[in-house]
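1. Dropping the sequence and predicted coords here.
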Amino acid sequence: MWLLRKGRIVLVGLTCLAIASAATAQISRHTRAAFGPIEEGSESPALRATHLAIEEDVIRRFRATGQSPRVLVDGWDRFKRAADRHTFEQGAPDPLPYDTWGEAKETATALGYNYLILVELWQGADVPEDPTAGIPVELNYQVYDARDRSVIHAHRFVGNTVDLSGTLESFCRNVGLNIGYVTTPQFDEAIASMPCANNAAFSAYWLGQGHLDMGLFDQALAHFNAALAADPEYRMAALGIADVRLAMAEKALADGEWDSGLELVEQAIADYAQQTAYGGLADALLVKADLLDALGQRQEAWIARKSAAKALLDWGRTWRAYEVAQDVWEQMRAAEASVDPDVAWLLGKCNVLLHGRGESTGEVYSGPSMSQADDFFAKALAADETHVPTLLDRGRMYLSWGASYDPDVSDPNEAQAQKQWRITWIGYAVDDLRGVTLHQPGNPEGWIELGNAYMAWSYRGENVSDDERTVSRDQLGKAINHFTRAIQILRQQGREMDPVMGQVFLKLATCHRRIGRIDEAVDAAWNAQAILGEEDPQPWIELIFIFVEGNDYDKARETYADALEAVPGAPAELKKLAEYIDTMEEKYLESDTDFRPHQWPGRRSWPPE
């Protein structure tokens with residue numbers, strides 16, 4: 001566990017304010033406010049608890065105001081675990097280079113911050129004899145305007161550890177209104193909010209964190225248990241207990257008490273897994289691996305490290321997962337051990353994800369590539385040809401490769417080549433994804449991806465032969481069957497209103513429409529809308545396509561109007577459909593086809609009674 005030292009930088013809050021009142025009209029929506037060093041007047045769990053609560057929960061409250069705050073922190077480790085709710089993208093790449101208030105002011109000016117919030121904490125001199133009365137904590141803070149180097153607000157007040165939430169509420173109100181926040185009912189509600197049922201749980205939790213941060217494990221456990229007693233559903237308190245056990249295991253590792261450390265870390269792993277806290281789980285598994293290494297249990301240590309890599313991948317820390325998996329791979333290779341399909345799959349998947357991230361963000365990663373991904377996937381399947389995670393991810397990769405080929409390029413020879421490559425790679429994807437449904441027939445993911453593959457395989461371009469059109473129709477029929485099977489499994493799992501189900505219905509509607517089954521298509525699209533909600537533009541778009549396909553242009557326009565009213569900030573993809581409806585109606589009228597209004601089925605409720 002990390003230690004917070006007096007005078008060290010602890011938090012940088014980058015706040016973009018979307019609303020300004022008349023009193024703060026000079027503040028732009030791009031106002032930036034940084035929290036500077038929080039200094040403690042003495043070493044005490046009460047001050048540490050307040051310190052930690054300010055640096056984390058104040059940001060949560062400001063973000064909940066709805067006034068568009070965006071927060072960056074000065075380092076990943078500081079926020080990486082508490083409740084696994086801080087994402088990797090929120091971590092700034094470097095800490096701000098300052099230690100003292102004076103240095104902080106110079107740095108804030110140099111970096112273009114508008115405001116700097118500086119906090120000093122003191123413990124009240126008169127500590128009540130009754131521990132239930134809490135401990136007075138004095139907050140002395142100032143809001144510094146980095147633009148003209150003036151202090152625009154300074155305040156001193158006394159809070160109490162028995163009511164940390166109320167202390168933070170007062171702090172947020174005074175600070176927020178001086179850096180551009182506006183008093184609204186939502187603001188008042190947000191700054192008074194707690195992530196638990198009551199103040200007793202909140203205060204006990206942060207006192208637990210204060211004691212844990214100072215290495216006082218028994219007292220920390222007592223406070224976390226008190227928080228759970230006050231609110232049994234308080235996830236952060238449950239994770240606090242896991243954090244204590246992990247910290248104790250780390251100490252046991254350092255002290256050479258490996259057997260007791262292993263017992264503690266196993267408890268922490270179980271706690272993190274129960275709460276699906278991937279960050280803490282990864283940390284605990286890595287400590288377990290170190291303990292197993294110390295005990296000479298090398299193979300068990302490999303298993304722990306590959307499990308840590310999987311947890312890191314689930315948490316979204318792909319590069320760190322890649323490093324851990326690569327380390328296990330090299331250790332096993334040096335020991336001339338057999339290929340572990342799980343490790344090979346992890347390395348393949350990390351290569352795919354890092355390559356994709358590099359393409360989308362411009363980041364350069366030395367090592368990861370799609371060719372390496374393919375190589376690791378092949379090694380995994382050579383070790384175990386039924387390894388479902390590898391079949392699934394390699395199938396997705398091949399599907400992505402195949403779908404990237406465009407059979408509609410202008411050059412006829414190139415179009416034919418593109419079409420052939422598309423058919424070939426998607427065919428490879430179908431083979432892998434069939435394997436997923438064969439070895440895990442109850443997994444809806446395999447059926448969904450196989451449906452996606454057949455759906456993509458069916459498209460051969462605009463200029464196709466009659467034989468190709470027949471093949472395409474057959475492949476769409478298979479996609480429909482696979483999507484229908486996925487829907488059946490999802491219903492069996494009680495996931496009728498899961499967004500995944502909504503997306504499957506949307507794809508099912510498209511497939512039915514493309515082969516002319518417009519009644520089935522409209523029913524599937526309505527189901528998708530019932531699940532995804534009317535604010536999602538995609539079901540509206542599909543419904544408009546279906547009504548145009550049924551030559552019901554009035555209904556298409558009516559649906560378009562409803563969509564514009566229901567979808568906030570309607571995307572261009574939706575707005576351009578007005579012209580599409582007019583164009584398709586003109587073509588229909590020019591064809592001299594007898595008009596036969598389609599009789600649409602009645603809308604059925606989803607989920608069915």
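-> Cool, got the structure. Numbering: from 1, shown residues only.
2. just so I have it, where are all the strands in this structure?
-> Taking DSSP state E, the strands of the chain run over residues 33-40, 115-123, 136-145, 150-160.
3. From the contact counts, what lies against the second one?
-> Using 3 or more Cβ pairs under 8 Å, 6 or more residues apart in numbering; DSSP states H and E as the contact definition, the elements that strand 115-123 packs against are strand 33-40, helix 45-63, helix 101-110, strand 136-145. Yep, even glycine has a C-beta here, placed from its N, CA and C like the rest.
4. so what strands line up beside that strand?
-> If you go by DSSP bridges, strand 115-123 pairs up with strand 33-40 (parallel), strand 136-145 (antiparallel).
5. if we can go back for a sec, switch the helices and strands packed on strand 115-123 over to JSON lines; also include mean pLDDT and mean neighbour count.
-> JSON lines is the format used below for the helices and strands packed on strand 115-123 (pLDDT from 0 to 100; neighbours: other Cβ atoms under 10 Å):
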{"stretch": "strand 33-40", "mean pLDDT": "80", "mean neighbour count": "25"}
{"stretch": "helix 45-63", "mean pLDDT": "87", "mean neighbour count": "23"}
{"stretch": "helix 101-110", "mean pLDDT": "81", "mean neighbour count": "18"}
{"stretch": "strand 136-145", "mean pLDDT": "91", "mean neighbour count": "20"}
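6. out of those, which comes closest to residue 559?
-> Nearest to residue 559 among the helices and strands packed on strand 115-123 is helix 45-63; the distance by Cβ to Cβ comes to 36.5 Å.
7. relative to strand 150-160, how tilted is the closest one?
-> 120 degrees (axes from the mean of the first three to the mean of the last three Cα atoms, to 10 degrees).
8. C-alpha coordinates for helix 45-63, CSV please?
-> Coordinates of each C-alpha in helix 45-63 appear next as CSV, following Å, rounded to 0.1, in the frame of the first residue of the first chain:
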residue,chain,number,x,y,z
PRO,A,45,-5.4,8.3,11.4
ALA,A,46,-8.1,11.0,11.7
LEU,A,47,-6.2,13.5,9.5
ARG,A,48,-5.2,10.7,7.1
ALA,A,49,-8.8,9.6,6.8
THR,A,50,-9.9,13.2,6.0
HIS,A,51,-7.0,13.6,3.6
LEU,A,52,-8.0,10.5,1.6
ALA,A,53,-11.7,11.3,1.7
ILE,A,54,-11.0,14.8,0.2
GLU,A,55,-8.7,13.6,-2.5
GLU,A,56,-11.2,10.9,-3.7
ASP,A,57,-14.8,11.6,-2.7
VAL,A,58,-14.7,15.4,-3.3
ILE,A,59,-14.0,14.6,-7.0
ARG,A,60,-16.9,12.1,-7.0
ARG,A,61,-19.3,14.8,-5.7
PHE,A,62,-18.1,17.5,-8.1
ARG,A,63,-18.5,15.1,-11.0
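9. Now do that helix: which elements does it pack against?
-> Judged by 3+ Cβ pairs under 8 Å, 6+ apart, helix 45-63 is in contact with strand 33-40, strand 115-123, strand 136-145, helix 164-176, helix 185-191, helix 199-213.
10. which stretch among those comes nearest residue 52?
-> helix 199-213 (5.0 Å).
11. can I get the CA coordinates of that closest one in CSV?
-> Coordinates of the C-alpha atoms in helix 199-213 are reproduced here as CSV (Å, rounded to 0.1, in the frame of the first residue of the first chain):
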residue,chain,number,x,y,z
ASN,A,199,-23.1,8.6,7.4
ALA,A,200,-22.0,6.1,9.9
ALA,A,201,-20.9,3.7,7.1
PHE,A,202,-19.2,6.5,5.2
SER,A,203,-17.2,7.8,8.2
ALA,A,204,-16.2,4.3,9.3
TYR,A,205,-15.0,3.4,5.8
TRP,A,206,-12.7,6.4,5.6
LEU,A,207,-11.4,5.9,9.1
GLY,A,208,-10.6,2.4,7.9
GLN,A,209,-8.7,3.8,5.0
GLY,A,210,-6.8,6.2,7.2
HIS,A,211,-5.7,3.5,9.5
LEU,A,212,-4.8,1.2,6.6
ASP,A,213,-2.7,3.9,4.9
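12. what's the model's confidence in it, averaged?
-> Throughout helix 199-213, pLDDT has a mean value of 95.
13. Please render the helices and strands packed on strand 115-123 as CSV that adds distance to residue 441 to the earlier fields.
-> Converted to CSV, these look like this (distance: least, Cβ to Cβ, whole Å):
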stretch, distance to residue 441
strand 33-40, 53
helix 45-63, 43
helix 101-110, 59
strand 136-145, 59
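14. so which of the ones you listed gets nearest residue 540?
-> helix 45-63 (30.6 Å).
15. I'd like to know how far the nearest residue to residue 175 once chain neighbours are set aside sits from residue 170.
-> With sequence-adjacent residues excluded and distances taken as Cβ to Cβ, 6 or more residues apart in numbering, residue 175 is closest to residue 117, at 5.8 Å. In this view, residue 117 and residue 170 are 14 Å apart by Cβ to Cβ, to the nearest Å.
16. out of those two, which sits in the more crowded spot?
-> Legend: neighbour count by other Cβ atoms under 10 Å for residue 117 and residue 170, higher for residue 117 (25 against 16).
17. pLDDT score for residue 583?
-> On pLDDT, residue 583 comes in at 93.
18. ok, now which ones touch residue 287?
-> Counting by Cβ atoms under 8 Å, 6 or more residues apart in numbering, residue 287 makes contact with 246, 249-250, 253, 261, 265.
19. go with 6 Å
-> Contacts for residue 287 (Cβ atoms under 6 Å, 6 or more residues apart in numbering) come out as 249-250, 265.
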